[in-house]
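Enquirer: pasting the sequence and the predicted coordinates here, then a few questions.
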Amino acid sequence: MIPSDYIPHRPPFLLVDEMVSIEPGVSAVGQWTLTGDEYFFPGHFPGRPTLPGVLLVEALAQCAGVSVMADPAYQGRLALFGGIQSAKFRRQVVPGDTVLLEVTMNQVTSRGGKAVGRATVEGKVAAEAEMFFVFVSTE
C-alpha cells in the first residue's frame, strides 16, 4: 500500500515508504527505509549521520494521517499537526535502518483527534510520541 494514495505528502517530504497495514480511523503500520542518500544526513552530525528526531515524529504523524484519511468519513479533509506531547527518543536511527512506524488513534472527532505512535528499528524502540491533529477542509 502506498502512503501517497491517502496523504498529500510527496518526496522529499514523504517519510513513509510503504504501509504494512491500515485499519481506517483506528491504526496503521508503515515502514521507512533510510538509504543514507536523504537530504538531511549530510548536515545532521557530519561524520555520524543521524535521523533528526523531529522527522521521526513527522513520519509517525504521516502514518497516523494515512489511518485517518483511509476512513471515508474524513475524505475531503486534511489532518494537520495540532501538537506533540511526551515525545521520547530512545535510540539513534542511522542510514541503512528500516523504521517500523506503528500508530493507534485514541480519539477522532469531526474537529481532530489524538494518536500515539511508536517507531522501532529491529524490535528496539527508537521513539514514542503522543500527537494531536486538527482537520481542515481541502476545498
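Expert: Everything's here; your move.
Enquirer: how about G82, what does it touch?
Expert: For G82, the contacting residues are G112, F132, F133, V134, by C-beta atoms under 8 Å, 6 or more residues apart in numbering. For every residue, glycine as well, the C-beta is placed using N, CA and C.
Enquirer: please identify, among these, the one with the most neighbours.
Expert: The residue in these with the most neighbours, by other C-beta atoms under 10 Å, is F133 (22 neighbours).
Enquirer: who does it form a beta bridge with?
Expert: Beta-bridge partners for F133, by DSSP bridges, are F81, G113.
Enquirer: make residue 1 into 79 and carry on from there
Expert: Got it, first residue is 79 now, which makes that one F211.
Enquirer: surely it touches S145?
Expert: No: F211 lies out of contact with S145 (C-beta atoms under 8 Å); the separation is 10.8 Å.
Enquirer: so what sits against both of these two?
Expert: Overlap between the neighbourhoods of F211 and S145 consists of A193, taking contacts as C-beta under 8 Å, 6+ apart.
Enquirer: with that, I have no additional questions.
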